[in-house]
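**Q** sequence and predicted structure below; questions after.
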Amino acid sequence: MNKPGIASSVRSAMIAAVALLCASNRSHGESFGSLTPSAVPYEREFIWPEGKMPDIQPHQIAAKIEEKNSPDFDAGKYRRPYIEWYAPSPSNKIDLCVLFVSGGGFYTCCDAKRMQPAIDRFVRMGATVASLTYRTPRPKGAPVHLSGWQDAQRAVRFIRSQAAKRGFSPDRIGATGISAGAKLVSLLATSSLTPAYAPVDETDNLPCNLMFAVLQAPAYILTDGAEDENSRAGVGSDIKIVPELRFDAKTCPMCMVQGGLDSYSPNGSTQIYRQLRRMNIPAELHLFADRTHGFHGDLNKGEDGAAYDHWFDRVAEFVRQMNFDGRLGKEVEIMSRFPDDNARASYSKELVWPEGKMPSPQTNQCIPYIEWHIPAKLAARAIQIIYSGGGYVRNNPDSYEAAAVRRFLNEKGMAVVTLKHRAPRPLGGLPKHVTAWQDLQRTVRIVRSQAKSRGLDPDRIGVMGSSAGGHLTLMGALSSRQRSYLPVDKIDRLPCNVQWAVAIYPAYALTDGLENVNANGGNEDDSRTSPEFAFDLDSCPVLFIHGDADKWAAMNSVKCWEQLRRMGIQCDLHTLAKRGHCFQKNASPGTGSYTWMGRIWEFMNHKGFNR
C-alpha cells in the first residue's frame, strides 16, 4: 500500500515516543484531564487501492482544511482518502480501536483541532485510534453523503483487515464523528448491511459494522434538514429520520452528545435514541443546555466546569459501562461513599403544616415534615429541596435517593432541605400525587419565608426527587402557577415557583405510564406528557438523569426535555446505558451511574444556581 506523509522507517521510533508520552500522562481518577503535548500519528495510509476508488469526481480532494490552506498545497497529491494511526502506551493498551471522522458539511474536513482532545483521551485510555480524511466537497449528481459514506465503509473494512497487525480484535472497532462526520458514523452504526459501493478487492469481503458509535452534534439526521440546517428545528409530526439510516440487524450501541441550541436540531439525537429504545439497543443521550453546534467546552475545566466541558467523560463512562475497555469493575453501594453528615454544621426539623390546617387530611397518611441541613462551610446562598421516591406509597429522607445527594451538596457548601411528604397514596379518589404536591408547594413557601433569616437567597431554590419523587419534581417545576390547596396562613401568600429542578428517573410522566411502568416504553407519538404537567409560564430549567433500561422509561425524561425545548427553556439531559430504575444505588467506578451527582453540580455551574 502506498503511504504518504511520515516515512515508515521512523514508525518504531514514533510509536515509542507516543507510548512514553501517553504513559507519563495517564489518568488515575474518574475524569480524563489534560494531555500535553497532543498525541501524534505515527503512520498514514491510503484506504483505496490505486485506480480502484469508486465514483471518482475530479473536483474532490481528501485533505484536512489545514492541508488545503497551506501555501504549497497541491490538490493532485490529495485525491485519495487516508487514515492516520495513533498508538497507545503498550503498558496501558486495551483491545479497542476507535475511528475518528471529521465534520465540515461534506464541503471539507475541518475538525482536526476539535477532534484532537478526544483523540488524546482515547489514546490515553489505551485505545488504538485511526483518523479518517475522506473525499470532499459534496459529490455532484449524488446524495451529499455518498462519497464520505463510501470512504467510511472502506475505512472500517481496512481497519478490520489491519487488526492483527495493530494489536486489537477485528470485532472491537468503534467510531466517533462530529457534525457531518457524525452523519457518516450514524450510517456505519445503523446501515452497515447496505453497501455504499461495489467491492474492489478482498478487503471488501469484510463487514463494516461497528461495536459502538459516538455521535457528536450529528447533522442531516431529520427530513427537515437532510442537506442543511433544520428548517423547522426538527419539530413537527411529519418530520422523520432520513431514510438512509436503516437501523438494520447490525445496529450497534450508540452515545449521542449535542447542544440544546444546535441549529442542526438535537431532536435528531432524540429521534435516534427513541429508535434505539424501540430496538432495545443500549444507548446514551447527553444534551447540554444553551450550547450551539460547536458545543465542546474546556475538557480541563475541573470542578468549575459545566456538563458540556466534561462531555468526553460521559463518552468514557459509556465505554466503561458497556465494558468496551474491559475495565468494568465491581459495583459499590452509594451509601458507603457518603456514610455520614460530617459536612453538616446544623440540623433542625419542623412540621410542614400548622396544627389543624393541613389540606385534604387523610387517616392513612403520615405527618409531613422538613429538615434543614446547613453545611459547615456555606459556599452558596442557594437552597436545594430533596425528597425520595417510593411510588407515592412511601418516602424516606434518609434513603440512598436523598441522603447521599444531601451529603454531597453539603460537602459542596450548599444548604439542603429534605422533605418527608405524606404517604401512602390518598384515599377517597384523590390522584396519587395530590397530597405530596400540596406538601411540596407548602415546603417551597416555608423555605422562601425563612431564607433571608438564614443568610440564604429566597429566589434561588431548587427541587429534586427520584422516581415518584421525580414526577413530584416535575409538578413543582412545571405547574407552580396551579394551586394545589387554599391558603392556610400568610406564608401561602408567597409564590411557590422554583428556579431549577433535578428530575432523577421521573416516573408517571407519559400517558402510557401514568400509574405504572410505561406500557410502550414511551416511544410512540401517542405517548404524550402527562396532562397534570401545566408547562406554565413559571416553568424552570430541569436537569434530567435517567437509566436507559428503566421500565419507567427514559422517554419520560426525553419527551419532557423536548417539550421544554419547544418552550425555549434550555435543560440538561443524561441517559445511562444498560441502567435501570434506582441506577445509583450500586454502581461501578468510572461509570455515569457512579458519577451522576457531578451532573447536578455541572448544571448549577452552567446556570449559576450554586452561587
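**A** Now that the structure is in, tell me what you want to look at.

**Q** in the stretch 401-550 of the chain, which spans are helices?
**A** 403-412, 434-450, 468-478 (DSSP state H, counting those that start in this stretch).

**Q** list the helices and strands the second one packs on?
**A** Read that as helix 434-450. The contact analysis (3 or more CB pairs under 8 Å, 6 or more residues apart in numbering; DSSP states H and E) places helix 434-450 against strand 369-375, strand 383-387, strand 415-420, strand 461-466, helix 468-478. All C-beta atoms are positioned from the backbone trio N, CA, C, and that covers glycine.

**Q** Thr194: which of the ones you listed is closest?
**A** helix 468-478 (39.6 Å; CB to CB).

**Q** and the closest one, what's buried?
**A** Ala468, Gly469, Gly470, His471, Leu472, Thr473, Leu474, Met475, Gly476, Ala477, Leu478 (16 or more other CB atoms under 10 Å).

**Q** start to end distance for stretch 307-326?
**A** 26 Å (CA to CA, to the nearest Å).

**Q** mind checking the pLDDT average for it?
**A** Stretch 307-326 shows a mean pLDDT of 98.

**Q** next, the buried residues of it.
**A** So for stretch 307-326, counting by 16+ other CB under 10 Å, buried means 307-322, 324-325.

**Q** for Tyr273, which non-adjacent residue is spatially closest?
**A** Closest residue to Tyr273 apart from its sequence neighbours, by CB to CB, 6 or more residues apart in numbering: Leu285 at 4.6 Å.

**Q** any idea which element that neighbour lies in?
**A** Remark: Leu285 resides in strand 283-288, with elements defined by DSSP states H and E.

**Q** give me the contact list for that strand.
**A** Strand 283-288 is touched from outside by 253-260, 266, 269-270, 272-273, 276-277, 295, 306-308, 311, 314, 318, 548, 554, 558, 561, 571-577, 592, with contacts defined as CB atoms under 8 Å, 6 or more residues apart in numbering.

**Q** which members of the residues you listed occur in strands, if any?
**A** Of the contacts of strand 283-288, the ones assigned to strands by DSSP state E are Met254, Cys255, Met256, Val257, Gln258, Gly259, Asp572, Leu573, His574, Thr575, Leu576.

**Q** can you tell me which of the residues you listed comes closest to Pro88?
**A** Cys255 (20.4 Å).

**Q** can I assume the closest one is in contact with Val315?
**A** Yes: using CB atoms under 8 Å, Cys255 is in contact with Val315, at 5.9 Å.

**Q** now do the shared contacts for those two.
**A** By CB under 8 Å, 6+ apart, the residues touching both Cys255 and Val315 are Val214.

**Q** now the residue nearest to Tyr273: how far from Ala307?
**A** Per CB to CB, to the nearest Å, Leu285 is found 12 Å from Ala307.

**Q** got the buried residues for stretch 522-541?
**A** Buried, per 16+ other CB under 10 Å, within stretch 522-541: Gly522, Asn523, Ser527, Thr529, Ser530, Glu532, Phe533, Phe535, Asp538, Ser539, Cys540, Pro541.

**Q** you'd agree the last one is up against Val502?
**A** No: in this structure Pro541 lies outside contact range of Val502 using CB under 8 Å: 10.1 Å.

**Q** now list whatever residues contact both of the two.
**A** Common neighbours of Pro541 and Val502 (CB under 8 Å, 6+ apart) are Phe603.

**Q** burial count for Ala63?
**A** Counted with other CB atoms under 10 Å, the neighbours of Ala63 add up to 22.

**Q** distance of it from Ser102?
**A** Counting by CB to CB, the gap from Ala63 to Ser102 is 11 Å.

**Q** list residues touching both of the two?
**A** Contact criterion CB under 8 Å, 6+ apart; residues shared by Ala63 and Ser102: Cys109, Thr133.

**Q** so which residues of the stretch 251-400 of the chain form helices?
**A** 267-278, 311-321, 334-337.

**Q** neighbouring contacts of the shortest one?
**A** Applying CB under 8 Å, 6+ apart, the external contacts of helix 334-337 come out as Tyr400, Ala403, Ala404, Gln584, Lys585, Asn586, Ala587.
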